[in-house]
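Q: Below are the sequence and a predicted model for it; my questions follow.
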Amino acid sequence: MNSITSHRTESFEREALPWIGDVRRFALSLTRDESDADDVVQDTFLRAYRSWHTYMPGSDCRRWLFTICRNVFLRSRERARPTVELDALDGDEATIACRGSAEQPYGSEGMFAQLDLAPAIDSALARVPEPFRSTLLIVDVDDQSYESAAELLGVPIGTVRSRLFRGRRLMQEQLTTYAVDAGLHLRPAIAQQRRSA
């Protein structure tokens with residue numbers, strides 16, 4: 001091993017490897033599967049090592065690795081199945097099509113006392129399609145700023161806001177369905193069906 005390779009390896013180990021736990025958590029939140037997350041992390045660090053010469057020392061290595069991780073995940077999904085990009089109209093139609101009543105007969109304290117929401121939130125998030133899910137994960141789960149999300153996703157801040165709005169609406173619909181199934185909330189149409197049955 002020559003001195004340049006040795007220096008690159010030492011620099012990579014010092015700056016990139018400490019973030020492996022964070023990258024794995026991010027990969028797991030994207031893939032929702034332990035084995036797939038491990039594959040994404042392995043590919044992320046392999047690509048990061050190969051591209052280490054492009055990393056700017058002193059910049060945010062964690063963010064750089066998250067960008068690579070997200071790209072690896074999206075490429076793996078493209079190979080696994082074809083995806084359809086939603087334009088603005090399709091996204092709005094999707095949220096309108098699954099819109100339900102948001103009225104809650106219970107206060108939020110009563111609802112939280114009756115439910116463990118973590119599984120419902122995880123399940124709802126898994127059903128949100130890309131690119132909305134990645135945006136929700138970065139901003140709402142990982143608590144990154146809109147600016148950071150825009151940089152990680154390679155899109156304008158306005159696109160981040162739009163994806164967040166649609167993603168949150170889709171999450172809301174999933175969680176409303178969960179509440180109905182848990183008996184906490186009845187949509188008017190369901191209540192009507194039950195009365196007439």
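A: Looks like it arrived, so ask away.
Q: Give the buried residues for the longest helix along the chain.
A: The single longest helix within the chain, with elements called by DSSP state H, is helix 157-181. Residues of helix 157-181 classed as buried by neighbour count (16 or more other CB atoms under 10 Å): 160, 162-164, 166-180. (C-beta placed from N, C-alpha, C; glycine too.)
Q: quick check: domain ranges of the chain?
A: 3-80, 88-196 (automatic domain parsing).
Q: Take those domains and lay them out in TSV including mean pLDDT.
A: Shown next, in TSV, are these (pLDDT from 0 to 100):
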stretch	mean pLDDT
domain 3-80	88
domain 88-196	69
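Q: Now name the helix or strand holding residue 76.
A: Taking DSSP states H and E as the definition, residue 76 sits inside helix 61-80.
Q: Surely residue 175 touches residue 123?
A: No: contact status for residue 175 versus residue 123: not in contact, 9.2 Å apart, counting by CB atoms under 8 Å.
Q: okay, now residue 58: neighbour count?
A: Using other CB atoms under 10 Å, the number of residues around residue 58 comes to 7.
Q: before we move on, what about residue 126?
A: Burial of residue 126 is recorded as 13 neighbouring residues (other CB under 10 Å).
Q: Distance-wise, check the closest residue to it other than its chain neighbours relative to residue 72.
A: Of all residues beyond its chain neighbours, the one nearest residue 126 is residue 32 (5.0 Å), with distances taken as CB to CB, 6 or more residues apart in numbering. The gap separating residue 32 from residue 72 is 15 Å, by CB to CB, to the nearest Å.
Q: Next, the residue nearest to residue 126: phi, psi?
A: phi 60, psi 20 (degrees, to the nearest 10).
Q: What of residue 54?
A: phi -90, psi -10.
Q: so how far is residue 47 from it?
A: Distance check for residue 54 against residue 47: by CB to CB, it reads 11 Å.
Q: Which neighbours do the two have in common?
A: The contact sets of residue 54 and residue 47 do not overlap (CB atoms under 8 Å, 6 or more residues apart in numbering).
Q: which stretches of the protein form helices?
A: 3-15, 20-31, 34-50, 61-80, 88-97, 108-114, 117-127, 132-136, 146-153, 157-181, 188-196.
Q: ranking those helices by burial, who's on top?
A: helix 132-136 (a mean of 23; mean count of other CB atoms under 10 Å).
Q: name the helices or strands packed onto that one?
A: The contact analysis (3 or more CB pairs under 8 Å, 6 or more residues apart in numbering; DSSP states H and E) places helix 132-136 against helix 117-127, helix 146-153, helix 157-181.
Q: List the contacts of the closest residue to residue 39 other than its chain neighbours.
A: Leaving aside its chain neighbours, residue 39 sits nearest to residue 76 (7.4 Å; criterion: CB to CB, 6+ apart). By CB under 8 Å, 6+ apart, the residues touching residue 76 are 36, 39-40, 43.
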